[in-house]
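Asker: requesting a structural model of the entry that follows:
(one chain, ligands or ions: 1)
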Amino acid sequence: MAKGLDKKFGLDGKVAVVTGAGAGIGRAVCLCLAEAGAAVAVQDLNGKSAAAVAKEIQGAGGKAISIVGDASQAKSIDAMYQQAVDELGGLDITVNNAGIYPFTDFLEIDEKELDKVFDLNLRGSFLATQRAGKFMSRAGKGGRIVNVASVQGLRPTAPGVSHYNVTKAGVMMLTKSAALELAPAGIGVNCVAPGVIQTSGTQPLIDTDSLGNPAELVPYGERWGRAEEVADTILFLVSPAASYITGETIIIDGGYLLK
Ligand SMILES: NC(=O)c1ccc[n+]([C@@H]2O[C@H](COP(=O)([O-])OP(=O)(O)OC[C@H]3O[C@@H](n4cnc5c(N)ncnc54)[C@H](O)[C@@H]3O)[C@@H](O)[C@H]2O)c1
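Answerer: Below is the predicted model:
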């Protein structure tokens, strides 16, 4: 790293928790924050994939633990932060990334699916932000929280995910509301809104051309995004370089929403 840049972007001595981190964007965020020097708690519903990501970080010389849990449940969220504090020594950064995006037409969505999407994407993000806020304000050292929304929370770009879109719009307002109330404790709360990112979750949709042609839809790059590109933006938001930014949402979509 160029001289001085480690002070702006380095995370030595910081502890980060990332939810839904066994795959896709969450995994890329863990690898990126660990590379910047943070000790990382890799949380996922799938214990095997969380353990694999933690192992990958350890193999590269970083510090990581894996946590099995459900990011839609308050009890599980509290236990996750407590485990990070107990085993890694604190809580400086949280990235609320876990989310699901089942495709169902608006008229066909039943209550069970509606609850599942709301419970994880919106209610879970609310609880994770609130509980992280409690842990961080109690410790009195400030902190950074990043929520993962979507361009779909700003504009419904495709049919079939109306419930998802509503949760992601909510996550952006959650970010602003929490940022206002947590600012006095020195806790910054920000958000990213990715466009289509190639992950294990979106690959089947990409393979069947369900999301359209990126060469036509994405002016900047003419391709779908990479998980690492979202991770790099999140690194900026949790780094010292973003010390005067809170309540903000950064769109990472190659200009998808410009069209
Ligand atoms: N991929 C995209 O195009 C895209 C675009 C915009 C926003 N996002 C958002 O980014 C986040 C990650 O998306 P992705 O594409 O990387 O997902 P993914 O499906 O590739 O991976 C999601 C991970 O979350 C885990 N998970 C699912 N339910 C969980 C729960 N209840 N508790 C803990 N972990 C759980 C899964 O096991 C999986 O490892 C989501 O919030 C998604 O809405 C994705």
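Asker: I figured Gln130 hits Glu181, correct?
Answerer: No - the pair Gln130 and Glu181 fails to qualify as a contact (C-beta atoms under 8 Å) at a distance of 9.6 Å. Any C-beta I mention is one placed from the backbone N, CA and C, and that applies to glycine too.
Asker: neighbour-wise, which of those two wins?
Answerer: Comparing Gln130 with Glu181 by neighbour count (other C-beta atoms under 10 Å), the higher total belongs to Gln130, at 16 against 12.
Asker: excluding its backbone neighbours, what's nearest the more buried one?
Answerer: Here the nearest residue to Gln130 in space, its sequence neighbours aside, is Ala178; by C-beta to C-beta, 6 or more residues apart in numbering that works out to 7.3 Å.
Asker: can you find the helix or strand of the protein with the lowest average pLDDT?
Answerer: Taking mean pLDDT, DSSP states H and E as the measure, the helices and strands of the chain show their lowest mean at helix 5-9, namely a mean of 93.
Asker: spit out the contact partners of Arg144.
Answerer: By C-beta atoms under 8 Å, 6 or more residues apart in numbering, the contact list for Arg144 reads Asp92, Ile93, Thr94, Ile187, Gly188, Val189, Asn190, Leu237, Val238, Ala242.
Asker: let me see the confidence value for the last one.
Answerer: As summarised for this prediction, Ala242 has a pLDDT of 98.
Asker: the fifth one too?
Answerer: Model confidence at Gly188, given as pLDDT, is 99.
Asker: quick check, nearest of the contacts of Arg144 to the ligand?
Answerer: The ligand lies nearest to Thr94 out of these, by C-beta to the nearest ligand atom, at 13.2 Å.
Asker: thought the closest one was touching Val17?
Answerer: Yes - between Thr94 and Val17 there is a contact at 4.8 Å, judged by C-beta under 8 Å.
Asker: the residue of the stretch 151-259 of the chain found nearest the ligand: neighbour count?
Answerer: Using C-beta to the nearest ligand atom, the single residue of the stretch 151-259 of the chain nearest to the ligand is Gly201, 2.6 Å away. As a burial measure, Gly201 scores 15 neighbours (other C-beta under 10 Å).
Asker: what is the burial count for the nearest residue to it once chain neighbours are set aside?
Answerer: Among residues not flanking Gly201 along the chain, Gly24 sits closest, at 5.6 Å (C-beta to C-beta, 6+ apart). Applying the criterion other C-beta under 10 Å, we find 21 residues in the vicinity of Gly24.
Asker: for Gly24, give me its contacts.
Answerer: The neighbourhood of Gly24, defined by C-beta under 8 Å, 6+ apart, consists of Ile197, Thr199, Ser200, Gly201, Ala227.
Asker: which of those residues are buried? Put it as a PyMOL command.
Answerer: Per 16 or more other C-beta atoms under 10 Å, the buried members of the contacts of Gly24 correspond to this PyMOL selection:
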select buried, resi 197+199+227
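Asker: so which of the contacts of Gly24 are in strands?
Answerer: Cross-referencing the contacts of Gly24 with the strands (criterion: DSSP state E) gives Ile197 as the overlap.
Asker: from the contacts of Gly24, which is closest to Gly212?
Answerer: Using C-beta to C-beta, Ile197 is the member of the contacts of Gly24 that lies nearest Gly212, at 14.5 Å.
Asker: ok, the closest residue to that closest one other than its chain neighbours to Leu258 distance?
Answerer: Using C-beta to C-beta, 6+ apart and skipping residues adjacent in sequence, the residue nearest Ile197 is Gly225, 4.3 Å away. In this structure, Gly225 and Leu258 are 14 Å apart, going by C-beta to C-beta, to the nearest Å.
Asker: which non-adjacent residue is nearest Ile245?
Answerer: The shortest distance from Ile245 to any non-neighbouring residue, by C-beta to C-beta, 6+ apart, is to Asn190 (6.2 Å).
Asker: compare neighbour counts for Gly225 and Leu258 and give me the winner.
Answerer: Relative neighbour count places Gly225 above the other of Gly225 and Leu258, with 22 against 10, counting by other C-beta under 10 Å.
Asker: re the thing from before, how far off centre is whichever helix or strand comes after the least confident helix or strand of the chain?
Answerer: Towards the C-terminus, the helix or strand next in line after helix 5-9, according to DSSP states H and E, is strand 15-18. Relative to its chain's centre, strand 15-18 lies at 11 Å (C-alpha atoms, centre = their mean, to the nearest Å).
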